[in-house]
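K.L.:
give me a 3D structure for the following:
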Amino acid sequence: MCALETSAGPWLLLAGSREADFAPLQQLFETLSQSPTTVLLEQQPFISVSGQLSLELCSRTDPPSKHRFSLSQLKTKLQDYSMARLLWIDETAGSHQWIGTPEEWAERALLLEPLVRKQTPGHVYLNDSAADVADIVVSRGEYENLLKQTQPER
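P.N.:
Below you'll find the predicted structure:
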């Protein structure tokens, strides 16, 4: 996982070689679709991180409260649940939070299906770039030279 500035805007890139196994990432999304939980992606055994970067995945199932709100309060509450969002937690530390409903996590798991089933180069975008602080791109076999440049020396 690395953060990139592209001509299309900022990306959080989850990339692997042609032989990479994307099933664990798909299974993680399926887990998030089944229960409300929070997971740090960089702590998963199938992820390696380049640079200072953190991505907290949150599944939210709590609907907005049924208490009476003013119109402006209600709009704010509904926006919190209206779509998956990639937000900054701490920009200087490279910390992000990616929020979604169980249905959105299930959809993301399905979007990964081509990368799980085929070992051909390809990529998928997993979020709404117009609404989020960066695009989340999952790629197989497309950015290997870039990943070699961004990985820390061992």
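K.L.:
do I have it right that Gln26 meets Leu111?
P.N.:
No: under the criterion of Cβ atoms under 8 Å, Gln26 makes no contact with Leu111, lying 9.0 Å away. (C-beta placed from N, C-alpha, C; glycine too.)
K.L.:
can you spell out which helices and strands pack onto the longest helix seen in the chain?
P.N.:
Counting residues, the longest helix found in the chain (DSSP state H) is helix 23-34. Packing partners of helix 23-34 (3 or more Cβ pairs under 8 Å, 6 or more residues apart in numbering; DSSP states H and E): strand 38-40, strand 54-59, helix 102-111, helix 113-117.
K.L.:
what residues does that helix touch?
P.N.:
14, 37, 39, 41, 44-46, 57, 59, 100, 102-103, 105-106, 108-109, 112-113, 116, 138 (Cβ atoms under 8 Å, 6 or more residues apart in numbering).
K.L.:
of those residues, buried ones?
P.N.:
For these, a burial check counting by 16 or more other Cβ atoms under 10 Å picks out 14, 39, 41, 57, 59, 100, 102, 105-106, 108-109, 112, 116, 138.
K.L.:
for Ala130, find the nearest of the helices and strands packed on helix 23-34.
P.N.:
helix 102-111 (15.7 Å; Cβ to Cβ).
K.L.:
who does the nearest residue to Ser35 once chain neighbours are set aside bridge with?
P.N.:
Nearest residue to Ser35, sequence neighbours excluded (Cβ to Cβ, 6 or more residues apart in numbering): Ser59, at 6.9 Å. Beta bridges link Ser59 to Gly100 when assigned by DSSP bridges.
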